[in-house]
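Enquirer: Based on what follows, work out the 3D shape:
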Amino acid sequence: MAGQVFTQSEMEELWLDIEHMVTPSWVTPVPTKLGTSGHGKLKVDQWRVLGTAYLPMTLTRLWAKTDETALSQRRQQILEATHSLVTAVNIASSRTTSCLAANMYQNNILTYIVQVKELFPDYRFRPNHHMAIHLHEYLHFYGPVHSWWTFPFERVIDMLQRITTNYITGQYEKTIAFSFNRAARLRALLSKDTCPPELQNCRDMFERLVKPDARSVSMMDMFGFLPQTDDFDDEDDGEDESYRTLERQCQLPDEIREAFKDSDIAEAPDTASLLDQLIINGIKYTVFSRNAGNSHILISNAATDPLIPAQIEHIIQTKDPSCYLVVRCHLPADVSYNPFQDFPGCRAQMLVLNEHDECLIVIQPEHVRSHFASCPVKWEDKNINIAISMAKEYNVAK
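Expert: You can find the predicted model right below:
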């Protein structure tokens, strides 16, 4: 990649951003040395995360400020084309859609095609580009792409490819069929109450062998359409199970009591359990001290309200039982120029954390909309964070 569009120093900036970006545990990691021969072929999930999170953030940070030189002007044009594509992808992959969203997608993808043609006249477009132009028709006809795309089948293919075979025609197909059905039946057996304890003791080992990689954007998209239960764990952090479910019944610290006083949600209980994690709509959220990436959330009172970035400091469960999250909100960074305001489609913000104890607020789980990814950077000699929304809905009205 270095020497084609990026210089070596720009590639190094991208590598640093990939290394320092704090993401939720369900986001597929991207190779830190992207563009070198050692990282291998990227998977679909990795391309998606790279294209909608890492690249827009790094390119905007590096190329947004322009001068009169031809190189600077060309970089600005490439940046605009990149954001046209990012906006189109975010709209197309939203779990909700509308006629307005479909038309907005078409405008952005057509703009991207024109920009690429102007920037790279010799580039030969692929059938995928033609298909992308017609995608807005399918959004009109069939609704959100999650209801009809084939990522779940690709995940099954990936699982089948991991089965050890001898690649001999005739035996190959039989081995795959038997192995896949054997795993499915064993999984069903382990889920029954009548399963022998000897097999139950092997459950964790079995899950590690056959469970699909949950650190996947498309896998999390699939879980959004399953019945909402609280038994899905999107990561295996290697810790003892007793620590995962740890509850500490105690008196609440003064800072939490003050947060409840300023809240109109509920009165502060005398005692409560302090949890390390909470499963909301199948996705794990944790306190900041446990996992920073899983603690970065976007909140709002209603689904149509603006999303506010925050950090989970405490998770409280009362005897009712009711659950509350004590969060610390982020504030917009005080900068003279915010380049991300020119590109709302990438859903990025420049933020600083409000570290005053009196700024803690209490919310309920239904106020949590999604995670966001965060990357610490230096901008205008200030230490700030660039936050990229991981929300699965794209609101075209904002």
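
Enquirer: Touching stretch 108-122 from outside, list them.
Expert: With contact meaning C-beta atoms under 8 Å, 6 or more residues apart in numbering, stretch 108-122 is reached by 74, 77-78, 80-81, 84-85, 87-88, 91, 123, 125, 129, 132-133, 135-136, 345. Just so you know, the C-beta spots here come from the backbone N, C-alpha and C atoms, and that holds for glycine as well.

Enquirer: ok, now with 7 Å
Expert: Applying C-beta atoms under 7 Å, 6 or more residues apart in numbering, the external contacts of stretch 108-122 come out as 77-78, 80-81, 84-85, 87-88, 91, 123, 129, 132-133.

Enquirer: could you flag which of the residues you listed are buried?
Expert: The neighbour-count test (16 or more other C-beta atoms under 10 Å) applied to those identifies 78, 80, 81, 84, 85, 87, 88, 91, 132 as buried.

Enquirer: And the furthest pair within these?
Expert: Farthest-apart pair in the buried ones among the contacts of stretch 108-122 is 78 and 91; separation 20.7 Å (C-beta to C-beta).

Enquirer: rewinding a little: want to try a markdown table for the contacts of stretch 108-122, with secondary structure as columns?
Expert: Shown next, in a markdown table, are the contacts of stretch 108-122 (DSSP: H, G, I helix; E, B strand; the rest coil):
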| residue | secondary structure |
| --- | --- |
| 77 | helix |
| 78 | helix |
| 80 | helix |
| 81 | helix |
| 84 | helix |
| 85 | helix |
| 87 | helix |
| 88 | helix |
| 91 | helix |
| 123 | coil |
| 129 | helix |
| 132 | helix |
| 133 | helix |
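
Enquirer: And the residues you listed, which is closest to residue 391?
Expert: Using C-beta to C-beta, residue 91 comes nearest to residue 391 of the contacts of stretch 108-122, at 12.3 Å.

Enquirer: Return the distance of the closest residue to the closest one other than its chain neighbours relative to residue 279.
Expert: Leaving aside its chain neighbours, residue 91 sits nearest to residue 105 (4.4 Å; criterion: C-beta to C-beta, 6 or more residues apart in numbering). Separation of residue 105 from residue 279 (C-beta to C-beta, to the nearest Å): 32 Å.

Enquirer: out of those two, which sits in the busier spot?
Expert: Set residue 105 next to residue 279 and count neighbours by other C-beta atoms under 10 Å: residue 105 wins out with 24 against 16.

Enquirer: before we move on, what SS does the more buried one have?
Expert: Three-state call for residue 105 (three-state DSSP): helix.

Enquirer: ok, now residue 206?
Expert: Applying three-state DSSP: residue 206 is helix.

Enquirer: What number of residues are in the vicinity of it?
Expert: For residue 206, the count of nearby residues is 16 (other C-beta under 10 Å).

Enquirer: Against residue 339, how distant is it?
Expert: Note on residue 206: its distance to residue 339, by C-beta to C-beta, is 49 Å.

Enquirer: for this protein, which strand is longest?
Expert: Counting residues, the longest strand found in the chain (DSSP state E) is strand 368-379.

Enquirer: Packing partners of whichever helix or strand comes after it?
Expert: Note on strand 368-379: by DSSP states H and E, the next helix or strand toward the C-terminus is strand 382-389. Judged by 3 or more C-beta pairs under 7 Å, 6 or more residues apart in numbering; DSSP states H and E, strand 382-389 is in contact with strand 348-353, strand 368-379.

Enquirer: Using TSV, please lay out those together with mean pLDDT, mean neighbour count and distance to residue 388.
Expert: What follows is the helices and strands packed on strand 382-389, written out as TSV (pLDDT from 0 to 100; neighbours: other C-beta atoms under 10 Å; distance: least, C-beta to C-beta, whole Å):
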stretch	mean pLDDT	mean neighbour count	distance to residue 388
strand 348-353	94	20	5
strand 368-379	96	20	5
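
Enquirer: sec struct for residue 193, please.
Expert: Here residue 193 is coil, with the state taken from three-state DSSP.

Enquirer: mind checking pLDDT for it?
Expert: Note for residue 193: predicted pLDDT of 76.

Enquirer: now swap in residue 221 and tell me
Expert: For residue 221, pLDDT reads 54.

Enquirer: So which of the helices and strands packed on strand 382-389 is nearest residue 263?
Expert: So among the helices and strands packed on strand 382-389, strand 368-379 is nearest, using C-beta to C-beta, at 15.5 Å.

Enquirer: what about the closest one, distance to the chain center?
Expert: Centre-to-centre, strand 368-379 and its host chain are 10 Å apart (C-alpha atoms, centre = their mean, to the nearest Å).
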